[in-house]
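Peer 1: Let's see this in three dimensions:
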Amino acid sequence: MGNIVTKITLMIGVLSLLILTSVLYGGNIPRTLYVLNGLGRTLSKMNLQTFEITNDLLQVGDIPNQVVGFGERIYVLNSTPPEIMVINPQNERVEKRIGLAEGSNPWFMAVVESNRVYVTNYLANIVSVVDLESGLVVKDIPVGVGPEGILVVENTAFVANTGGYPDFASSSVSLIDLVTDEVTTTLPMPSNAQDLALASDGRVHVVCSGLWEANAGKVCVIDRWAGPDTTPAVVDTIELGGWSGDIAIIQEGRGYLPDWGDEESGFLCSYDTYTGDVYHNRDNPIRIGKGAMRVLYDGEEDVIWVSNFSDDTVQKFNPQNDSLMATYGFGDGPQDMAIYGGADFVDEAKDIPLPSGFALEQNYPNPFNSATTVHYTIPQVIGERFKVKGVPNTSLLIPITLKVYNIAGQEVRALVDEEKGPGRYFLLWDGKDSGGNPVASGVYICRLEVEEQRAKKVRKMLLIR
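Peer 2: You can find the predicted model right below:
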């Protein structure tokens with residue numbers, strides 16, 4: 001009898017532990033769409049399995065700007081009061097409020113580690129580095145005038161500086177080295193650079209809205225390794241017209257931008273991020289809900305969510321045939337969105353561990369006509385020789401080379417010959433040799449080599465002129 005009681009007690013204990021583990025680590029939370037309502041000053045949610053909507057779930061600030069997520073928490077950024085709200089989705093309670101400088105007008109943020117957030121401050125012309133654990137601003141980084149959007153790509157933060165109201169004349173993009181927290185490059189932009197997105201070829205696309213109702217919307221494309229000196233530069237400008245303030249890029253390489261629209265509806269513009277071809281612009285838009293404000297790409301379902309500020313709706317959009325799938329009513333003034341998927345959010349860079357070995361992916365497209373993208377990875381674990389006690393992994397640099405050879409084994413061009421830290425990297429080969437001359441059609445070899453690690457990866461590329 002005693003053995004039976006003991007077994008039952010152990011089973012109850014194990015079951016309780018499993019339930020507790022499920023609660024702690026998000027196993028009982030379905031994929032959920034969180035919607036920030038700007039006019040209602042609330043956070044709403046929708047169960048993406050049952051489509052049940054809970055409006056006004058939590059009260060936020062008087063002027064909320066953004067909802068994002070990282071790991072197992074939701075973060076809401078308010079301009080008034082200037083603060084970051086840290087929310088636990090398990091119990092839907094605010095765990096912490098981190099105060100920011102009065103009058104700074106916090107606009108957007110990027111959570112780059114479990115304890116570090118970068119916040120753009122529109123009126124202060126700075127990016128604040130916030131330690132989530134202590135709740136303190138550890139550094140203010142001066143950037144351009146009127147910073148809004150921020151995008152983190154590997155060890156660099158790209159900041160879109162609008163140039164400042166009302167003329168937005170000094171618009172730019174600042175590049176911040178996240179190892180040193182210093183601005184390394186500033187690129188001039190057309191007026192009112194507002195937001196940014198990373199395309200699948202590794203280039204950064206910047207939305208430049210222009211003046212309100214000036215119908216001057218543009219997208220500027222930044223190549224992070226432009227020219228023979230591999231320095232960041234604007235390599236293309238795509239004219240869309242209208243006044244878009246947000247952008248989403250899907251897996252297939254199409255970019256979608258919401259536009260406030262006209263008295264009848266909001267607009268959605270689209271273009272090809274590889275070629276720059278415009279499919280829908282201000283004069284030929286996809287018509288959606290009124291006051292289209294922001295877009296969120298859901299890679300798991302391969303759909304785009306659009307928040308419509310004026311008609312209090314969020315719409316589900318199919319980018320495969322450019323059609324609306326469903327319309328859902330939310331709170332007053334749906335503004336921003338994030339999707340919780342258990343322990344990750346789809347609109348922020350996920351904390352995915354790097355591979356254990358060096359990787360060189362197949363170039364895309366392949367075969368290619370004029371240019372192709374090369375994607376390679378440097379692992380987090382890089383060998384005892386490069387480990388420095390007390391130094392973050394992001395600051396550990398490894399000498400690598402990435403070169404293109406012809407079929408005879410002759411070097412055509414060195415794409416990379418420098419030290420790199422752990423991360424995923426993209427670069428574009430424009431089909432030219434080291435002298436800037438276009439090479440002939442044929443098979444070429446791309447080789448990633450790390451001599452100290454005796455690591456070598458090779459891929460074949462086919463160029464067809």
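Peer 1: For stretch 330-346, what is the distance to the chain centroid?
Peer 2: A distance of 15 Å separates the centroid of the chain from that of stretch 330-346, by C-alpha atoms, centre = their mean, to the nearest Å.
Peer 1: cool, and stretch 134-144?
Peer 2: 20 Å.
Peer 1: Go through it and flag the buried ones.
Peer 2: 137, 140-141, 143-144 (16 or more other C-beta atoms under 10 Å). C-beta: built from backbone N, CA, C; applies to glycine.
Peer 1: secondary structure element for the closest residue to Asp277 other than its chain neighbours?
Peer 2: Spatial nearest neighbour of Asp277, chain neighbours left out: Tyr271 (6.4 Å); criterion: C-beta to C-beta, 6 or more residues apart in numbering. According to DSSP states H and E, Tyr271 maps onto strand 266-272.
Peer 1: between the buried residues of stretch 134-144, which is nearest Phe168?
Peer 2: In terms of C-beta to C-beta, no member of the buried residues of stretch 134-144 lies closer to Phe168 than Gly144, at 10.8 Å.
Peer 1: residues contacting the closest one?
Peer 2: By C-beta atoms under 8 Å, 6 or more residues apart in numbering, the contact set of Gly144 is 125, 159, 161, 163, 170-174, 186.
Peer 1: backbone phi and psi for it, please?
Peer 2: Main-chain dihedrals, Gly144, degrees, to the nearest 10: phi -80, psi -170.
Peer 1: Mind pulling up the pLDDT for it?
Peer 2: If you check Gly144, the pLDDT there is 97.
Peer 1: Roughly how far does the nearest residue to it once chain neighbours are set aside sit from Gly289?
Peer 2: Spatially, and ignoring its direct neighbours in sequence, Gly144 is nearest to Asn161 (2.9 Å; C-beta to C-beta, 6+ apart). Separation of Asn161 from Gly289 (C-beta to C-beta, to the nearest Å): 30 Å.
Peer 1: One more: Thr273?
Peer 2: Using C-beta to C-beta, Thr273 is found at 24 Å from Gly289.
Peer 1: Over to Ser104?
Peer 2: Computed with C-beta to C-beta, the distance linking Ser104 and Gly289 is 32 Å.
Peer 1: re the thing from before, and the strand holding Tyr271, what does it pack against?
Peer 2: strand 254-259, strand 278-280, strand 286-288, strand 292-298, strand 303-308 (3 or more C-beta pairs under 8 Å, 6 or more residues apart in numbering; DSSP states H and E).
Peer 1: Now with 7 Å, please.
Peer 2: Contacts defined by 3 or more C-beta pairs under 7 Å, 6 or more residues apart in numbering; DSSP states H and E place strand 266-272 against strand 254-259, strand 278-280, strand 286-288, strand 292-298.
Peer 1: Quick one, which of the ones you listed gets closest to Gly217.
Peer 2: Closest to Gly217 of the helices and strands packed on strand 266-272, according to C-beta to C-beta: strand 254-259, at 7.3 Å.
Peer 1: For that closest one, which helices and strands make contact with it?
Peer 2: Where contact means 3+ C-beta pairs under 7 Å, 6+ apart, strand 254-259 is packed against strand 266-272, strand 292-298.
Peer 1: Need the phi and psi values for Thr237.
Peer 2: phi -130, psi 120.
Peer 1: Next, count neighbours for it.
Peer 2: 14 (other C-beta atoms under 10 Å).
Peer 1: Tell me which helix or strand Ala197 sits in.
Peer 2: Judged by DSSP H and E, Ala197 forms part of strand 193-198.
Peer 1: before we move on, the earlier item: ok, which of the helices and strands packed on strand 254-259 comes nearest Pro89?
Peer 2: Minimum separation from Pro89 across the helices and strands packed on strand 254-259 (C-beta to C-beta) falls at strand 292-298, 16.8 Å.
Peer 1: For the closest one, name the packing helices and strands.
Peer 2: Counting contacts by 3+ C-beta pairs under 7 Å, 6+ apart, strand 292-298 is packed against strand 248-249, strand 254-259, strand 266-272, strand 303-308, strand 334-340.
Peer 1: helices or strands next to the first one in the packing?
Peer 2: Using 3+ C-beta pairs under 7 Å, 6+ apart as the contact test, the elements touching strand 248-249 are strand 292-298.
Peer 1: Can I get the strand it packs on as PDB, trimmed to CA atoms?
Peer 2: Provided in PDB are the C-alpha atoms of strand 292-298 (Å, rounded to 0.1, in the frame of the first residue of the first chain):
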ATOM      1  CA  ALA A 292      -3.500  51.800 -43.500                       C
ATOM      2  CA  MET A 293      -0.600  52.400 -41.100                       C
ATOM      3  CA  ARG A 294       1.700  49.500 -40.600                       C
ATOM      4  CA  VAL A 295       2.400  46.000 -42.000                       C
ATOM      5  CA  LEU A 296       3.700  42.800 -40.400                       C
ATOM      6  CA  TYR A 297       4.900  39.800 -42.300                       C
ATOM      7  CA  ASP A 298       4.000  36.400 -40.700                       C
END
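Peer 1: Given that strand, what are its sheet partners and their directions?
Peer 2: strand 303-308 (antiparallel) (DSSP bridges).
Peer 1: Relative to the whole chain's centre, how far out is the strand it pairs with?
Peer 2: With C-alpha atoms, centre = their mean as the basis, the mean position of strand 303-308 lies at 16 Å from the chain mean.
Peer 1: Contacts only, for the nearest residue to Ser170 once chain neighbours are set aside.
Peer 2: Using C-beta to C-beta, 6+ apart and skipping residues adjacent in sequence, the residue nearest Ser170 is Gly163, 4.5 Å away. Residues counted as contacts of Gly163 (C-beta atoms under 7 Å, 6 or more residues apart in numbering) are 145-146, 169-171, 191-192.
Peer 1: Give me the contact list for the host helix or strand of Met46.
Peer 2: Under the criterion of DSSP H and E, Met46 resides in strand 42-47. The contact list for strand 42-47, computed with C-beta under 7 Å, 6+ apart, reads 30, 32-37, 52-60, 67, 76, 328, 330-331.
Peer 1: Let me know the angle separating that strand from strand 303-308.
Peer 2: 150 degrees (axes from the mean of the first three to the mean of the last three C-alpha atoms, to 10 degrees).
Peer 1: average model confidence for strand 42-47?
Peer 2: Mean predicted confidence for strand 42-47 is 97.
Peer 1: Also stretch 279-298?
Peer 2: Mean per-residue pLDDT for stretch 279-298: 96.
Peer 1: first to last residue in that stretch, what's the distance?
Peer 2: 21 Å (C-alpha to C-alpha, to the nearest Å).
Peer 1: what comes up buried for that stretch?
Peer 2: Those would be 280-282, 285-286, 288-298, for stretch 279-298 by 16+ other C-beta under 10 Å.
Peer 1: What is the most widely separated pair among those?
Peer 2: Maximum distance among these (C-beta to C-beta): 25.4 Å, for Arg282 and Asp298.
Peer 1: so where's the stretch 151-300 of the chain uncertain?
Peer 2: 227-228 (pLDDT under 70).
Peer 1: can you rerun that using 90?
Peer 2: In the predicted model, the stretch 151-300 of the chain carries pLDDT under 90 at residues 153-155, 169, 178-179, 200-202, 211-216, 224-231, 251-253, 274, 299-300.
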